[in-house]
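Enquirer: okay, here's the prediction I keep looking at, along with the sequence it came from:
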Amino acid sequence: CIRAGKLREWTYAAVAAAVTWIAINVPIMVVSWHGWAEFFRLNSSRDADPDSIYNVIKSFSGWKGFPTTSSGQPLILNLVSVGLFLLICAGIAYVALTAPRRPRVAQLAFLVVAGFLLTNKVWSPQYSLWLVPLAALALPPTRILLSWMAIDAVLWFPRMMYYLGEDHKGLPVQWFTGTVIVRDTAVVILCVLIIRQIYRPETDLVRRGGVDDPVGGVLDNAPDRVSWPRHAAS
């Protein structure tokens with residue numbers, strides 16, 4: 001929206017999103033505050049989940065993890081997770097502002113959600129579903145998407161075998177976390193491919209034939225109105 005000079009439309013969308021969130025959440029907060037807040041309480045107090053990159057590092061290095069507070073809260077882990085995500089968002093903003101052509105909304109949305117999952121301390125199995133529609137819109141080649149989806153689906157089996165426990169003929173933790181590395185690597189590869197097509201828009205299959213941004217709303221076919229150093233130089 002900055003590049004297209006559509007900040008007024010962005011403001012309308014942001015306000016509408018905030019009003020919608022308030023309209024849905026406030027009644028539940030009034031009726032059952034503790035029930036509504038449980039998700040946030042649990043996620044702020046829980047340690048790194050088995051699927052997180054932090055647990056992967058622990059499983060292969062013997063690292064004990066970040067220290068907790070006197071009450072057992074993983075404050076440092078929470079700050080590191082949020083900080084890394086904000087750094088990734090800053091990097092995505094740089095990409096969006098310096099690309100030779102304004103990126104498509106789906107491309108940026110995939111990068112943001114992928115960055116959140118890769119740096120978050122929790123990656124529950126269902127979280128991967130967040131990426132599926134965004135991946136299909138951002139990176140159309142079917143073979144690439146199916147390969148990534150197959151890797152994520154296969155992860156289910158070592159996950160269940162790990163949860164079974166070695167005492168019950170389950171898998172050691174490294175077998176599971178090794179598969180997590182493969183899954184995370186596949187997501188990173190998707191991000192690299194998307195960034196590549198952002199900087200080389202002629203390789204973007206969606207934009208062939210004069211198409212601009214089919215899911216961009218007011219941004220579709222909107223010309224750039226702000227030039228940035230890299231963009232101007234190109």
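Expert: Nice, I can see it.
Enquirer: what about the residue sitting furthest away from the middle of the chain, distance to residue 119?
Expert: Residue farthest from the centre of the chain, counting by C-alpha atoms, centre = their mean, is residue 167 at 34.9 Å. According to C-beta to C-beta, to the nearest Å, residue 167 stands 33 Å off from residue 119. Using the backbone N, CA and C atoms, a C-beta is placed for each residue, glycine as well.
Enquirer: pull the longest helix from the protein.
Expert: helix 173-199 (DSSP state H).
Enquirer: list the buried residues of stretch 210-220.
Expert: 212-213, 216, 219 (16 or more other C-beta atoms under 10 Å).
Enquirer: what do you get for stretch 168-181?
Expert: Buried residues in stretch 168-181 (16+ other C-beta under 10 Å): 170-171, 173, 176-177, 179-180.
Enquirer: ditto for stretch 83-91
Expert: 84-85, 88.
Enquirer: who touches stretch 180-200?
Expert: 50-51, 53, 56, 95-96, 99-100, 103, 107, 110-111, 114-115, 117-118, 131, 135, 138-139, 144, 147-148, 151-152, 155, 203-204 (C-beta atoms under 8 Å, 6 or more residues apart in numbering).
Enquirer: one more time with 7 Å, if that's ok
Expert: Stretch 180-200 is contacted by residues 51, 53, 56, 95, 99-100, 103, 107, 110-111, 114, 118, 135, 138-139, 144, 148, 151-152, 155, 203-204 when judged by C-beta atoms under 7 Å, 6 or more residues apart in numbering.
Enquirer: list the contacts for residue 162?
Expert: 50, 170-171, 173, 175-176.
Enquirer: in the protein, which spans are helices?
Expert: Counting by DSSP H, the helices of the chain are 7-31, 33-45, 53-61, 75-98, 105-119, 131-138, 142-154, 156-164, 173-199, 229-233.
Enquirer: between those, which gets the lowest average pLDDT?
Expert: Per-stretch mean pLDDT for the helices of the chain is lowest at helix 229-233 (a mean of 50).
Enquirer: one step back: just the buried residues from the contacts of stretch 180-200, in PyMOL please.
Expert: Per 16+ other C-beta under 10 Å, the buried members of the contacts of stretch 180-200 correspond to this PyMOL selection:
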select buried, resi 51+53+56+95+99+103+107+110+111+114+118+135+138+139+148+151+152+155+204
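Enquirer: if we can go back for a sec, between the buried residues of stretch 168-181, which is closest to residue 17?
Expert: residue 180 (32.1 Å; C-beta to C-beta).
Enquirer: for the closest one, give its distance to residue 125.
Expert: For residue 180 relative to residue 125 (C-beta to C-beta), the value is 11 Å.
Enquirer: what do you get for residue 146?
Expert: 18 Å.
Enquirer: so which of these two has more stuff around it?
Expert: Between residue 146 and residue 125, counting by other C-beta atoms under 10 Å, residue 125 is the more crowded of the two (13 against 10).
Enquirer: the closest residue to that one other than its chain neighbours: neighbour count?
Expert: Leaving aside its chain neighbours, residue 125 sits nearest to residue 156 (6.6 Å; criterion: C-beta to C-beta, 6 or more residues apart in numbering). Residue 156 is flanked by 12 other residues according to other C-beta under 10 Å.
Enquirer: do the one 3 residues further on as well
Expert: Residues lying near residue 159 (other C-beta under 10 Å) number 17.
Enquirer: I'd say it and residue 176 touch.
Expert: Yes. Using C-beta atoms under 7 Å, residue 159 is in contact with residue 176, at 6.0 Å.
Enquirer: closest to residue 67 out of the helices of the chain?
Expert: Nearest of these (C-beta to C-beta): helix 75-98, 6.4 Å.
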